[in-house]
Each structure stands twice: as structure tokens, then as C-alpha cells.
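[1] Build the 3D model from these lines:
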Amino acid sequence: MVTPAGVSLGPMLVGFALNTILYGVVVTQTLVYFSCYKSDGRWIKLFVASLLLLDTINVVFEFIYLYHTLIINFGDASVLLTANWMFSTVPGTTGITSALVQLFLAWRINILKRGNLIIFGICFLAVVGMLSGIGSSIAVNVVPTFTEFHKFESIVIIWLAASAADNLLITITLVWSLREHRTGFADTDHIIKKIIRVTLHTGLLTTVWTIVDLSIYLALTDGLFVIFYYSLAAS
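    Residues are numbered from 1 along each chain as shown. Next up, the predicted model:
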């Protein structure tokens, strides 16, 4: 028999631990960026700082929700089964963060390879993912019981499917564009191959992570999907 804590808090603790680890990676990458790329334009630096701020808000709200549920309301089984406004911010902030990254990558792809149809597709999926993520946040406030989250599964499906499709499209387009920019010079081509490998690893990992989250959400009625859901923003 699954206990109330097993439905929600168990997966949340695992997801929060994973998200905290990924957040540490994000902080490290941000510090490296500001140390090594001081000549970048101000808007790019503000963009990177904004992403870090959104990830920070995400982690802080997750921690506050867990503290509120496990410490302040210790022993109250009803609290274990319901979400509050802090929990509901996760899909919204995740959708916004993902969309910002995807739109930035669309801009970079447009520089590498002029293709209006592909750029439009990436931007369209990014906006759809962001809006459906915000819509999922609103839906959590309307239906706060974890075991009833399937009542608004349509908007969650749109959010996660759009995000996964966009990440896959971006990965394929970037790899394709980089392969077309090979020069025939060994040193340059070696750097391009390294960029392609990094793009494949990060892009496919995020895509697979999102698809697994969507699959578990649709297949199971417990809170196991929260393990992946909590760490989507940082991934």
C-alpha cells in the first residue's frame, strides 16, 4: 500500500536532490562563463544571469515547499497529498527557462544556417512549450491534489511534447549545420567534432529526460513523474 508520503514527497525528495546537483552544475558553468567570456555583449551576459536567476527561484521554491510540508506541517497527511502555489511555479518557471534557451539557440542556428521554416518551427514550439508550462502552473492551482493531476493531462502533454520535440529539432539542426561548416583543416574540424558531440549529448539527454517524464506521467497515477519533473529546468 502506497502511503501519502510515498505518492508525493518520496519522489519530490529524489527530484529535489537531482535538481540541486544540476543547479550546482549550472552555477559552475555560469561562473566559468563570466570568468572566460568577459568580452561578450551586455545582453548575452544579462541573458545568462536571467537563466541563473530562474533556476535559483526554481530551487528555492522547491525547498520552501518541502520545508513547509515536511517540517511546518509534520504529521498532517492531507498536506502531503496537495500542492500549493510554490509547487505550482515549477512548470511555469521551467517552461519560461526552456523557451528562453530554445529561442537563443534558434538565433544561433539562424546565424549558422539561414532557414526560415526551421527557425519558425523552433520558435513556435518554444512559445507553445512556455505557454503550456504556464498553463500547467495555473492548472495545479485549480486541481491541487496530486492523484488528480491527470484531470489536466492534455496541457501537460502539450508542454512536455512541445519541449521534447523542440529540443530534438534543435539538436538535429545544430549537428547538421555544424557538419556543413567543416573546413577540411584538421584543427578546425576537430573543434567542430567536439562541439557536435557536446550538442548531441546535452540535446538528446534533455529530450530523453522530458520523454521519460511524460511517459511516467501518462502511465502511472502516483507521483513518480515528479522525480523528472523537478529537475527539468536545470537539465
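[2] residue ranges for the helices of this structure, please.
    Under the criterion DSSP state H, the chain contains helices at 4-7, 9-36, 42-67, 77-80, 85-112, 116-142, 153-180, 186-219, 226-229.
[3] which one of the ones you listed is the most hemmed in?
    Neighbour counts (mean count of other CB atoms under 10 Å) averaged over each of the helices of the chain peak at helix 226-229, with a mean of 24. Any C-beta I mention is one placed from the backbone N, CA and C, and that applies to glycine too.
[4] Pull the residues that contact that helix.
    Around helix 226-229, the neighbours that count as contacts under CB atoms under 8 Å, 6 or more residues apart in numbering are 8, 11-12, 14-15, 18, 90-91, 209-210, 212-213, 216-217.
[5] For it, what is the distance to the chain centroid?
    11 Å (CA atoms, centre = their mean, to the nearest Å).
[6] ok, now stretch 24-41?
    Stretch 24-41 sits 19 Å away from the centroid of its parent chain (CA atoms, centre = their mean).
[7] go on, stretch 159-175?
    Distance, stretch centre to chain centre, for stretch 159-175: 12 Å (CA atoms, centre = their mean).
[8] Run through who's touching that stretch.
    91, 95, 98, 102, 105-106, 108-109, 112-113, 115, 118, 121-122, 125-126, 128-129, 132-133, 135-136, 196, 199-200, 203-204, 206-207, 210-211, 213-214, 217, 232.
[9] In this structure, what helix or strand scores lowest on average pLDDT?
    When each helix and strand of the chain is scored by mean pLDDT, DSSP states H and E, helix 4-7 comes last, with a mean of 58.
[10] what sits against the residue lying closest to L131 once chain neighbours are set aside?
    The shortest distance from L131 to any non-neighbouring residue, by CB to CB, 6 or more residues apart in numbering, is to G95 (7.4 Å). Taking CB under 8 Å, 6+ apart, we find G95 in contact with G129, M130, L131, S132, G133, I134, S136, W159, S163.
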